[in-house]
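K.L.:
Provided below are the primary sequence and the corresponding predicted coordinates.
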Amino acid sequence: MTQPEEPSRAASPSHPPRIVLTKREALIRQILKDLAEDLDKRNVKSEGVDDDMASEPLILRWAGGWVRDKLLTGKSNDIDVAINKMTGFDFAMELKDWMSKHHHKYREAINQIDDEIVGDDHGNAEEKVVEQLSGSVHKIASNPDKSKHLETATTKLCGLDIDLVNLRSETYSKTSRIPIVKFGTPEQDAKRRDATVNALFYNIHSQQVEDFTGQGLEDLQKKFIRTPLEPEVTFEDDPLRILRLIRFASRLDFQIVDYVKSAMQDPEIQKVFPIKVSRERVGVEFEKMMTGRDPRLSLSLIHHLGLYKTVFAPPALDFLIPNELNIDEMYTGANILDSLLKKDDPLIRRLLESSEDHYFGWMVVAMLPWAKLQLPFTLPPKAKQEGKPEEILAKERERIQNVLKAKSFPMCPAPAISAKDSLKLSSKVVETLKLCFNNTALFHGLAAQQDGARSSRADLGMDLRACFGSWRLQAFTALMLELVPVCLETQGRELGHTGEIFAKYSKFVDYVHELNLQDAHLIKPCINGTDLARAVDPARKAGPWLKQATEDLVKWQFGNPDASAEQAHKWIEEGGLAHVLEGIVEQQPLGKKKKKKATGPVAKE
């Protein structure tokens, strides 16, 4: 069995570095290499491979992110296998068959990594390897909307997730980011990737790092992000790569080279972005940025590259977006939040308690330029249109304009519309952003009270209960909307002039905890609906009035936190809820409606 090798100290493009494999990676390499040799002897290939390619030996390469991360950190969890003359699924099925017949050859090596394979389960590691393969080969059909341009296969080998795909070449049309895909050479496969640092290969036969772009290793060393081809070509083919490069620059703390930045700012390229790229894919990339290593850098790049409307504006509603949006609000807010998180600011620590809260905090910051804008929340279903993508988009804009002229629609904070229509995020994100930007005035008022007359426990409890558990995020939104203008006015990004703002919001949070209202949304009526209706008026049928009665009961509970259900009944008996019945007209008993006699001209005989 091949043992992990010591790395070479050389790490320049002229002397490619050698990658150190873990015991598990070395075992996987050996299994794949043995299988490749066997398939070569049997001259196995997939359909669609031309004669020249079919005559080559079967070569397997580990590709992309695995190579990059191994060279940068020595660690990577997932392995992408690129195959020169077989599809990923065909190879995966051969791998499954190979291990079912030859697993005993690897018994010693498998037992050395028993814990990594079996984990907490008790059992035989060798059997586990075969079992994982037999049940985990999955074909993933091409799905361009999710950036899956070619059929791939995924499986699990020795406890690691393995993706298998053939080397490919791609040809794009002018109006679509969906390419025509064929079997390709390593050079073609490398050059169709989004960045040179993601285009490196590890040849499992020679155990060498291969850089077919000629720039990947140098860029990895210099911490540069650039495209393998001319950036204009790369971005015109697939504009989504603009966001992917921003995400990688933020994740790796690399610098996008200037000429690539210039191409990202090209109005013609930004013009085809909404035509070629699905909004779902924009949302996926953006969420990865906001949950990644450096959301501030991602937002900063979006700001400096002039991509704000490209990312956040609903394509068919862009005519409703004013040109004078102050995008600096996002940039300033991102710097403020980044600074506060790094300082472990006590107020921010209380408002953004979890990693999910941090994600929502960054989402709020990204949406700050939209804070005062309202957009229609629901429009009639999109009409089916014929024609080129740019023509379809133009027709949809015109249709919406005509619809809005003819009929009014419920309006909603633009941040929620952006999340719903531009980024296609979950309903939870949309509803949370709607609450955050709808309730800013409420929290501005609550924070301002802290140096004067404060809300009663009952009133504050009802306010927080209406926030559905996200009052901290809503308070954070209000806080940011006060901090950012001050920092912009002082022409700086420092927080030295904002002490009073922090003080009043800190006092507000203290007051919430002092009254033990931090979980106000969890308070339930101490009397159920049926019993409550009977207690208010046994003779009256439950109706819309019962909702108001329930709310008033909960408010009474907030004002009397130690009261029992018996005391609540006594309060009701003393007329505590009598006001909810005032002005209600007695319902008439239900009976059969008589049919109306037909009216109109009677036919003459």
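P.N.:
Yes, it's here.
K.L.:
What residues does the closest residue to Ile256 other than its chain neighbours make contact with?
P.N.:
Among residues not flanking Ile256 along the chain, Ile225 sits closest, at 4.5 Å (Cβ to Cβ, 6 or more residues apart in numbering). Bear in mind the C-beta positions are built from the backbone N, C-alpha and C, glycine included. Contacts for Ile225 were tallied using Cβ atoms under 8 Å, 6 or more residues apart in numbering; they are 195, 197, 219, 245, 248-249, 252, 254-257, 260.
K.L.:
Give me the phi and psi angles of Ile225.
P.N.:
Here the main-chain torsion angles of Ile225 (degrees, to the nearest 10) amount to phi -110, psi 120.
K.L.:
separation between it and Gln449?
P.N.:
As judged by Cβ to Cβ, to the nearest Å, Ile225 and Gln449 stand 49 Å apart.
K.L.:
and what of Ile79?
P.N.:
For Ile79 relative to Gln449 (Cβ to Cβ), the value is 57 Å.
K.L.:
where's the helix or strand hosting Cys487 relative to the chain centroid, distance-wise?
P.N.:
Cys487 belongs to helix 471-489 when assigned by DSSP states H and E. The chain centre lies 23 Å from the centre of helix 471-489; the measure is Cα atoms, centre = their mean, to the nearest Å.
K.L.:
could I get that helix in PDB with only the CA atoms?
P.N.:
Extracted in PDB, the C-alpha atoms of helix 471-489 (Å, rounded to 0.1, in the frame of the first residue of the first chain):
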ATOM      1  CA  TRP A 471     -37.400  41.600  18.600                       C
ATOM      2  CA  ARG A 472     -33.600  41.600  19.000                       C
ATOM      3  CA  LEU A 473     -33.100  41.700  15.200                       C
ATOM      4  CA  GLN A 474     -35.700  44.400  14.900                       C
ATOM      5  CA  ALA A 475     -34.000  46.400  17.500                       C
ATOM      6  CA  PHE A 476     -30.600  45.800  15.800                       C
ATOM      7  CA  THR A 477     -32.200  47.100  12.500                       C
ATOM      8  CA  ALA A 478     -33.400  50.300  14.200                       C
ATOM      9  CA  LEU A 479     -30.000  50.700  15.800                       C
ATOM     10  CA  MET A 480     -28.200  50.500  12.500                       C
ATOM     11  CA  LEU A 481     -30.500  52.900  10.900                       C
ATOM     12  CA  GLU A 482     -29.500  55.400  13.600                       C
ATOM     13  CA  LEU A 483     -25.800  54.700  13.600                       C
ATOM     14  CA  VAL A 484     -25.200  54.800   9.800                       C
ATOM     15  CA  PRO A 485     -26.400  58.300   9.100                       C
ATOM     16  CA  VAL A 486     -24.300  59.700  12.000                       C
ATOM     17  CA  CYS A 487     -21.200  57.900  10.600                       C
ATOM     18  CA  LEU A 488     -21.900  59.200   7.100                       C
ATOM     19  CA  GLU A 489     -22.400  62.700   8.300                       C
END
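K.L.:
That helix: which residues count as buried?
P.N.:
471-484, 486-488 (16 or more other Cβ atoms under 10 Å).
K.L.:
Same question for stretch 526-540.
P.N.:
Of the residues in stretch 526-540, those buried (16+ other Cβ under 10 Å) are 526-527, 532-533, 535-537.
K.L.:
what is the mean pLDDT for that stretch?
P.N.:
Taken as a whole, stretch 526-540 has an average pLDDT of 91.
K.L.:
Pull the residues that contact that stretch.
P.N.:
By Cβ under 8 Å, 6+ apart, stretch 526-540 touches 525, 542, 546, 549-550, 553, 557, 563-565, 568-569, 572-573, 577-578, 580-581.
K.L.:
out of these, which are buried?
P.N.:
For the contacts of stretch 526-540, buried by 16+ other Cβ under 10 Å: 525, 546, 549-550, 553, 557, 568-569, 572, 577, 580.
K.L.:
Quick one: end-to-end distance for stretch 203-218.
P.N.:
Start-to-end span of stretch 203-218 (Cα to Cα, to the nearest Å) is 19 Å.
K.L.:
how about the strands in the protein?
P.N.:
Per DSSP state E, the chain carries strands over the ranges 60-63, 79-83, 138-140, 152-157, 160-166, 168-171, 180-183, 201-203, 208-210, 224-225, 255-256, 374-376, 411-413.
K.L.:
could those be laid out in CSV, adding mean pLDDT and distance to Gln270?
P.N.:
CSV is the format used below for the strands of the chain (pLDDT from 0 to 100; distance: least, Cβ to Cβ, whole Å):
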stretch, mean pLDDT, distance to Gln270
strand 60-63, 98, 30
strand 79-83, 96, 30
strand 138-140, 77, 31
strand 152-157, 89, 30
strand 160-166, 92, 30
strand 168-171, 82, 22
strand 180-183, 80, 24
strand 201-203, 98, 32
strand 208-210, 96, 34
strand 224-225, 98, 19
strand 255-256, 98, 16
strand 374-376, 88, 21
strand 411-413, 91, 25
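K.L.:
would you list those in TSV and tack on distance to Val277?
P.N.:
Shown next, in TSV, are those (distance: least, Cβ to Cβ, whole Å):
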stretch	distance to Val277
strand 60-63	24
strand 79-83	23
strand 138-140	21
strand 152-157	21
strand 160-166	22
strand 168-171	16
strand 180-183	18
strand 201-203	27
strand 208-210	30
strand 224-225	19
strand 255-256	19
strand 374-376	21
strand 411-413	24
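K.L.:
So for Asp510, which of those sits nearest?
P.N.:
strand 411-413 (28.2 Å; Cβ to Cβ).
K.L.:
Centre of the chain to the closest one, how far?
P.N.:
That offset, for strand 411-413, works out to 22 Å (Cα atoms, centre = their mean).
K.L.:
Can you list the buried residues in it?
P.N.:
412-413.
K.L.:
do stretch 291-300 as well
P.N.:
Across stretch 291-300, burial judged by 16+ other Cβ under 10 Å covers 292, 295-300.
K.L.:
Out of these, which is nearest to Leu351?
P.N.:
Relative to Leu351, the closest of the buried residues of stretch 291-300 is Pro295; by Cβ to Cβ it sits at 16.5 Å.
K.L.:
so what's the residue nearest to that closest one when sequence neighbours are not counted up against?
P.N.:
Using Cβ to Cβ, 6+ apart and skipping residues adjacent in sequence, the residue nearest Pro295 is Trp362, 4.4 Å away. Contact analysis of Trp362 by Cβ under 8 Å, 6+ apart lists 290, 295, 299, 334, 337.
K.L.:
got a pLDDT number for Trp362?
P.N.:
99.
K.L.:
hang on, the earlier thing: any chance of the buried ones among the contacts of stretch 526-540 in a markdown table, plus distance to Arg281?
P.N.:
Formatted as a markdown table, those follow (distance: Cβ to Cβ, whole Å):
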| residue | distance to Arg281 |
| --- | --- |
| Pro525 | 45 |
| Leu546 | 47 |
| Ala549 | 49 |
| Thr550 | 44 |
| Leu553 | 48 |
| Gln557 | 47 |
| Ala568 | 53 |
| His569 | 57 |
| Ile572 | 56 |
| Leu577 | 53 |
| Val580 | 51 |
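K.L.:
residues in contact with the nearest residue to Glu230 once chain neighbours are set aside?
P.N.:
Nearest residue to Glu230, sequence neighbours excluded (Cβ to Cβ, 6+ apart): Ala263, at 7.9 Å. Shown in contact with Ala263 (Cβ under 8 Å, 6+ apart): 230-232, 234-235, 269.
K.L.:
Buried only: go through those residues for me.
P.N.:
231-232, 234-235, 269.
K.L.:
Asn203: which of these is nearest?
P.N.:
Thr234 (24.8 Å).
K.L.:
quick one: the closest one from Thr227, how far?
P.N.:
4 Å.
K.L.:
Between those two, which contacts overlap?
P.N.:
194, 241.
K.L.:
Alright, I will stop here.
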